[in-house]
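Chemist: All I have is the shape, not the residue letters:
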């Protein structure tokens, strides 16, 4: 009986540790919120720059578009750990459902990462039609998560 | 005389255009300030994480340190254009001297970029002593610019 109790305790501890890794880097919810908002703000700037090119408001140059796409592809991996910090729905636009539905949230997040990675790959080819098409798909995958988990 | 006047006018225009490229991406000073503060905030988080490793508060793993260093090396190239936007000293911690002394500011900025690039290179070797030493040098090059151009 004692052994079983110990085994359950160990299990709980391990689950806690594994879950903890994701947001252990932030001491306070404020820090997690500031971090993810900063990352998303930088992403927003560079995504908007690509949008201006896709809409024909700015000239397309392979090098510049590729730089923006690669930067966004690197940054989009960063904020999720900060979103998953318990209590970090308070004082931000994140709906509390994001924390209650971690698997669904992370599914949308990873799908978004994948679409942004495809955008960076398309940008590397320099094929503007492919770039434009994948930009739309990537943007829709950002929106899918915003629609679900971001308050207006 | 007319020709010379025209030539001078053209020169001024070209200088203006070249200087303009640096901050033309921002429509308002508020946007430039938000952008550079966001970039610096993300850099700060990841630089602090490396600092904890260098001080022995966190275990050193080559992979994780390399990721942090590469991310900071990519991000540190971004904010300078936003710092150089005229009028963007108001409503931020940047001293107005930064705009009056663009060459000196940009000299410190590029030196900082170079030291961070060396940190990423050291991180790639996995030699912790080299990493620790270059982390100090890189940090000092951040501080050199902060001391000069950031209000407390």
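Modeler: Arrived safely, thanks for sending. What you see is a predicted model, and the numbers here were worked out from it, not measured in a lab. Residues are numbered from 1 along each chain as shown, chains lettered A, B, ... in the order given.
Chemist: got the buried residues for stretch A:140-152?
Modeler: By neighbour count, with 16 or more other Cβ atoms under 10 Å in any protein chain shown as the criterion, the buried positions of stretch A:140-152 are A:141-142, A:145, A:149. Bear in mind the C-beta positions are built from the backbone N, C-alpha and C, glycine included.
Chemist: right, and the helix or strand after the helix or strand hosting residue A:40?
Modeler: Following DSSP states H and E, one finds residue A:40 within helix A:29-54. Once the chain leaves helix A:29-54, the next helix or strand it forms, by DSSP H and E, is helix A:62-75.
Chemist: For chain A, what lies in contact range of chain B?
Modeler: A:25, A:31, A:34-35, A:37-39, A:41-42, A:45, A:49, A:71, A:74-75, A:78 (Cβ under 8 Å from any Cβ of the partner chain).
Chemist: Low-confidence stretches in chain A?
Modeler: A:1-24 (pLDDT under 70).
Chemist: The buried residues of stretch A:140-152: which two are farthest apart?
Modeler: Taking Cβ to Cβ as the measure, those span a maximum distance of 13.2 Å, between A:141 and A:149.
Chemist: which neighbours do these two share?
Modeler: Taking Cβ atoms under 8 Å, 6 or more residues apart in numbering or on different chains as the contact rule, the neighbours common to residue A:141 and residue A:149 are residue A:108.
Chemist: Tell me if residue A:152 really is in a strand.
Modeler: No - Residue A:152 is assigned coil when assessed by DSSP: H, G, I helix; E, B strand; the rest coil, not a strand.
Chemist: Any chance you could list what contacts stretch A:117-124?
Modeler: When contacts are defined by Cβ under 8 Å, 6+ apart, stretch A:117-124 is touched by residues A:50, A:62, A:65-66, A:68-70, A:72-73, A:130-131, A:133-135, A:137-138.
Chemist: Among those, name the buried ones.
Modeler: Neighbour counting by 16+ other Cβ under 10 Å classes A:50, A:65-66, A:68-70, A:72-73, A:131, A:134-135, A:138 among the contacts of stretch A:117-124 as buried.
Chemist: So which of those residues is the closest to residue B:83?
Modeler: Distance to residue B:83 across the buried ones among the contacts of stretch A:117-124 (Cβ to Cβ) is lowest for residue A:68, with 19.4 Å.
Chemist: What's the separation between the spatially closest residue to the closest one that is not a sequence neighbour and residue A:78?
Modeler: In this structure, residue A:68 finds its nearest non-sequential neighbour in residue A:46, 4.6 Å apart by Cβ to Cβ, 6 or more residues apart in numbering or on different chains. When Cβ to Cβ, to the nearest Å is applied, the distance between residue A:46 and residue A:78 equals 13 Å.
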